[in-house]
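>>> build me a model from this:
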Amino acid sequence: MRLHGRDNAIDLVRDFMDRSGGPPPAAVLVFTGPRGCGKTALLTTLAEEHLDQHVPYAFIDFAALEPGGIRGVLDRLVFELNRECAAYGRIAFPRYIVGRIVLSLDTAAADPAQVRARIDGVLRQHRPDQVLEPIIQDVVGTVLAAGNVPQALAQPVAAALLAGVTTWKGRRQNLAPGRDWYGHQDLGLGHDPLDDLALLNHRARNIDHGDNREQVERLLLAAFLADLRHGFTRTRYNCAVLLDNADEPLGRQFTRALVRLREQHAGNAPGDPDPMTVVATSRGSLVELLTGRAAEIPTIETASVADHRQRRARLHGDRRHWYLVRLTDLDRAHVQTMVDTWAPERGNPHHLALVVHGLTRGHPAAADILVHSFAAEPRNAIEPRERLRGRAPGDARGAETVLERLERALLGELTRSGPLVDDLVTCSPATDLNAAVRLITRGGLPGAADPEAVTRSGVWVPAGPGGTLVMLPVLRRILLERLAERGEGAPAGWEAVHTWLRRDAAERGDPAGELHHALALGDLQHVAGELTGRLRDTPVKDWLRLLRAVVAAPVAGPAGPPNEAIARLTAWADPTERPGSAVARLVAALWLATDPLTGARRAELHTIVRNEYVAVAPFSPDGLIRLYSEADRHLGLAELWR
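Numbers count the residues shown, from 1 in each chain. Have a look, this model is predicted:
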């Protein structure tokens, strides 16, 4: 599948790898975003189309790894970085291999002097088949056992690793450089390397005691990094390590240990280049550990090496060695390309792209699912609400609806927790996370027993620079459909939840929230009356801001043909009462035009909006020109939808 809208992210990775203008920053580049935003697709595209056979790289998916420790991760990195890359050849890892040899030695019955002598003797062996080859086979076997690596790579990778620590065409092992490093560790320690290697062996034999596991893994990771610094220097580009799902416990453990070692080395050897560019993905929990949940971070449109350096100058500690970048949604042009690629003959392709983008806000996975579902629909009608309940394409059983497929893509493993999904459905009318938390903790509704699970569910995203968190818009809209399915009078149904939120907003002095939920309940007469009353004594920019917040209210079900719907919704209004009747029609038409499930029949709605703005404009004390401008804008939108 083609990757849409991620060229900036790929260029950013290339800039963090490029040494031609000097050493690039040694930062862990973390792309973050909600489920389905294309994090894994980005790494896969980087690997297959931009790195393979160009630079050595490794790809690790922490969600697919069996539980284990950092040593298993390092084994895999050593393996993958030595896959054949014609432009670069092999990378030697003598320090890491020495550490792995020492870990394997059984010295349980020996005293400290005997342990030193044993280690010294093993490392001075000349024949690689005695110790070296078994260790390399162990490294390779560990990686193969973890899966997702072709067996055919085993022999060439083992040969490359062996060649890195042998001389005379593989007839003599040469481990002295790897051994000697343990005495100084690039920190100027001045130790006898055999002492530190004996301590490493002791800790490995007592791995569950105290902090021995952490110390062993830390030293192996330091050896791995030193091997790269000393052995991968004369190249234009860094090697790359791609870490998918770094939110997983082992992913967090590995990346944070890596950053701490990088910080320590930078403090002892300022300016020493680091030849490894690390690119990770995070759904959010890793980012929250580093910055907090609502932190403002750059997007792929604004991120750059220069921006990272500016931010780094203001930061302290290991936070300087991270660069967090948010993957933004696709714009309309990218969605149009998806439609032109997959559904060029389904209705009006331009209208279809507008509908898909309006419903998904450009969320990549959701847009892909919807475009393919419309492509599989034999009829030309662009009716998103109807399509959501249609069968998802490619389902052999024919049992999954498009709505269910979207839920699966957007909720992921959360779909296995029925109570949590029920709580998220209940929270879907809340306009932000704060309102959702109030609803959960004070609403007295059935379910909603675990507010922390709801808030940490990974479905809340920044609404903008202000830091307000809202439910992922496309997920909110499909969960609102689930809420409407609970039926009239349900204890946690549409009416009950919106009624509570309406009352809560009124008690907090939030007119936008109160009118928003009133409109969701169908109380158009009250909403229009309030907006009419505010029209004469409210600055037009504030009145328009209030109007937009109100008409963003969800619509509970299909409204029908536009003219019939407006007539039905405003049947109570007296046409001779001005500006009240015009405001009522304006609110009704804007409400339906704003609803992403309205479909492609929007030209009439925007025409009504245009006419009612013109009718309302003379009644605003300072808004005549501004409201006429809004009328012109909707005239253009009406033409767009014809």
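
>>> run through the stretch 101-250 of the chain and note the low-pLDDT ranges.
Applying pLDDT under 70 to the stretch 101-250 of the chain picks out residues 128, 168-171.

>>> what segments of it are strands?
For the stretch 101-250 of the chain, strands defined by DSSP state E, counting those that start in this stretch occupy the ranges 166-167, 172-173, 239-244.

>>> which elements pack onto the first one?
In this case it means strand 166-167. Taking 3 or more Cβ pairs under 8 Å, 6 or more residues apart in numbering; DSSP states H and E as contact, the helices and strands that strand 166-167 lies on are strand 172-173. (Each C-beta comes from the backbone N, C-alpha and C, glycine too.)

>>> the strand it packs on pairs with which strands?
Here strand 172-173 has these sheet partners by DSSP bridges: strand 166-167 (antiparallel).

>>> neighbouring contacts of the partner strand?
Residues outside strand 166-167 that contact it (Cβ atoms under 8 Å, 6 or more residues apart in numbering): 128, 132, 172, 173, 174.

>>> sec struct for the residue lying farthest from the centre of the chain, please.
The outermost residue of the chain relative to its centre, with distances by Cα atoms, centre = their mean, is residue 576 at 53.0 Å. Classification of residue 576 by DSSP: H, G, I helix; E, B strand; the rest coil places it in coil.

>>> from now on call the first residue 18
Right, with 18 as the first residue, what we last looked at is residue 593.

>>> following the host helix or strand of residue 59, which helix or strand shows up next?
If you go by DSSP states H and E, residue 59 is part of helix 56-62. Where DSSP H and E defines the elements, the next helix or strand beyond helix 56-62 is strand 74-78.

>>> direction included, what does that next one pair up with?
Sheet pairing here is set by DSSP bridges, and for strand 74-78 it gives strand 256-261 (parallel).

>>> and the contacts of the strand it pairs with?
For strand 256-261, using Cβ under 8 Å, 6+ apart, the contacting residues are 30, 34, 56-57, 60, 63-64, 68, 72-80, 94, 98, 105, 108, 245, 249, 268, 271-272, 292-298.

>>> put the buried members of the residues you listed into a ChimeraX selection.
Command for ChimeraX that selects the buried part of those, burial taken from 16 or more other Cβ atoms under 10 Å:
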select :30,34,56,60,63,64,68,72,73,74,75,76,77,78,79,94,98,105,108,245,249,268,271,272,292,293,294,295,296,297,298
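
>>> who are the contact partners of the closest residue to residue 383 other than its chain neighbours?
Closest residue to residue 383 apart from its sequence neighbours, by Cβ to Cβ, 6 or more residues apart in numbering: residue 377 at 4.1 Å. By Cβ under 8 Å, 6+ apart, the residues touching residue 377 are 346, 352, 383, 384, 387, 490, 491.

>>> check residue 51 too.
300, 301, 380, 427, 475, 476, 478, 489.

>>> could you redo the last one with a cut-off of 10 Å?
Neighbouring residues of residue 51 by Cβ atoms under 10 Å, 6 or more residues apart in numbering: 300-301, 344, 346, 380, 382, 427, 429, 475-478, 488-489, 491-492.

>>> tell me the buried residues in whichever strand or helix holds residue 421?
Using DSSP H and E, residue 421 sits in helix 419-428. By neighbour count on 16+ other Cβ under 10 Å, the buried set for helix 419-428 is 419, 420, 421, 422, 423, 424, 425, 426, 427, 428.

>>> again, but for stretch 502-511
For stretch 502-511, by 16+ other Cβ under 10 Å, it's 503, 507, 509, 510, 511.

>>> which helices and strands does the helix holding residue 421 pack with?
On a contact count with 3 or more Cβ pairs under 10 Å, 6 or more residues apart in numbering; DSSP states H and E, helix 419-428 meets helix 366-377, helix 381-392, helix 401-405, helix 435-444, helix 490-502.

>>> and this structure, what are its domains?
Split into domains by automatic domain parsing, the chain comes to 18-72+253-345, 86-251, 349-424, 434-515, 527-659.

>>> out of these, nearest to residue 521?
Residue 521 lies closest to domain 434-515 among those, at 5.9 Å (Cβ to Cβ).

>>> tell me the mean pLDDT over the closest one?
Mean pLDDT, domain 434-515: 89.

>>> stretch 519-539 now?
For stretch 519-539, mean pLDDT rounds to 98.

>>> how about that stretch: buried residues?
519, 521-522, 527, 529-539.

>>> who's residue 257 bridged to?
In this entry, residue 257 is beta-bridged to residue 74, residue 294, by DSSP bridges.

>>> secondary structure element holding the residue lying closest to residue 536 once chain neighbours are set aside?
Spatial nearest neighbour of residue 536, chain neighbours left out: residue 570 (4.1 Å); criterion: Cβ to Cβ, 6+ apart. Assigned by DSSP H and E, residue 570 belongs to no helix or strand.

>>> wait, what's in contact with residue 570?
Taking Cβ under 10 Å, 6+ apart, one finds 446, 448, 515, 532-539, 544, 604, 608, 611-612 in contact with residue 570.

>>> now with 7 Å, please.
Residue 570 is in contact with 533, 534, 536, 537, 608, counting by Cβ atoms under 7 Å, 6 or more residues apart in numbering.

>>> among those residues, which lie within helices?
Counting by DSSP state H, the part of the contacts of residue 570 found in helices is 533, 534, 536, 537, 608.

>>> for those, which one is nearest residue 334?
Out of those, the member with the shortest distance to residue 334 (by Cβ to Cβ) is residue 533, at 42.6 Å.

>>> now the closest one. Nearest residue, chain neighbours left out?
Closest to residue 533 by Cβ to Cβ, 6+ apart is residue 570, at 4.8 Å.

>>> for the one you found, give me phi and psi.
Backbone geometry at residue 570, expressed as degrees, to the nearest 10, gives phi -60, psi 140.

>>> from the contact counts, what lies against the strand or helix carrying residue 274?
Using DSSP H and E, residue 274 sits within helix 266-285. With contacts taken as 3 or more Cβ pairs under 7 Å, 6 or more residues apart in numbering; DSSP states H and E, helix 266-285 sits against strand 45-49, helix 87-97, helix 229-248.

>>> among these, which is nearest residue 204?
Shortest distance between residue 204 and these, using Cβ to Cβ, is found for helix 229-248: 8.9 Å.

>>> quick one: that closest one to chain centroid distance?
Mean-position distance between helix 229-248 and its chain equals 29 Å (Cα atoms, centre = their mean, to the nearest Å).

>>> ok and it relative to helix 87-97, angle-wise?
Computed by axes from the mean of the first three to the mean of the last three Cα atoms, to 10 degrees, the angle separating helix 229-248 from helix 87-97 equals 20 degrees.

>>> give the buried residues for helix 229-248.
So for helix 229-248, counting by 16+ other Cβ under 10 Å, buried means 229-230, 233-246, 248.

>>> could you measure the residue nearest to residue 533 against residue 611, distance?
From residue 570 across to residue 611, the span is 8 Å (Cβ to Cβ, to the nearest Å).

>>> so which of the contacts of residue 570 is the closest to residue 621?
Nearest member of the contacts of residue 570 to residue 621, counting by Cβ to Cβ, is residue 608, at 14.0 Å.

>>> understood, closing this out.
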